[in-house]
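> With the sequence up front, the predicted model follows.
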Amino acid sequence: MGKSLGMDPKDMRVLFEEGHQAMRMNYYPPCPQPELAIGLSAHSDPVGLAIVLQINEMEGLQVKKSGVWVPIIPLVNAFVVHVGNIMEIVSNGVYPSVEHRAAVNSVKERLSIVTL
Ligand SMILES: O=C(O)CCC(=O)C(=O)O
Ligand SMILES: [Fe+2]
């Protein structure tokens with residue numbers, strides 16, 4: 001990403017080397033009335049990049065694209081990479097952070113692991 005921004009690779013490394021990396025696990029139990037609930041409300045991640053693994057291949061993650069919520073269909077062994085707010089700032093808006101949320105369903109629990 002730094003390369004496509006025309007940055008010196010060292011500068012991108014320097015920007016992030018003092019940073020912290022966290023990991024969280026999200027558990028969304030089945031909800032009897034999913035239309036009245038939200039698993040995780042709309043937000044963008046306050047980091048450079050966030051890497052998401054949708055563990056049990058249940059749908060729920062949605063990203064806002066052109067004002068519309070689009071479901072991110074889970075793929076086996078695939079990560080979703082979100083551009084976060086810090087990357088938006090570092091890139092002067094060339095890489096805008098992605099607004100996303102997690103919906104719940106009445107059928108089955110959903111789990112995700114995120115490192116950010
Ligand atoms: O559960 C998900 O797929 C998304 C979780 C998320 O956006 C977060 O933990 O910041
Ligand atoms: Fe997030």
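Yep, that arrived. Please read these numbers as outputs of a predicted model, since none were measured by experiment. Ligands and ions are numbered 1, 2, ... in the order given.

> Arg13: helix or strand, and which one exactly?
Element membership for Arg13, per DSSP states H and E: helix 9-17.

> which residues sit against that helix?
Met1, Gly2, Lys3, Gly48, Val90 (CB atoms under 8 Å, 6 or more residues apart in numbering). Backbone N, C-alpha and C define where each C-beta goes, glycine included.

> in a helix, that's where the third one is, yeah?
I take that to be Lys3. No: assigned with DSSP: H, G, I helix; E, B strand; the rest coil, Lys3 falls outside any helix and is coil.

> which of the contacts of helix 9-17 tops the neighbour count?
Gly48 (23 neighbours; other CB atoms under 10 Å).

> Distance of that one relative to Ser106?
35 Å (CB to CB, to the nearest Å).

> With Ile72 instead?
In terms of CB to CB, Ile72 sits 20 Å off from Ser106.

> The two: which is more packed in?
Ile72 (17 against 11).

> List the contacts of the more buried one.
Gln54, Glu59, Leu61, Gln62, Val63, Val80.

> now, which of those lie within strands?
Of the contacts of Ile72, the ones assigned to strands by DSSP state E are Gln54, Leu61, Gln62, Val63, Val80.
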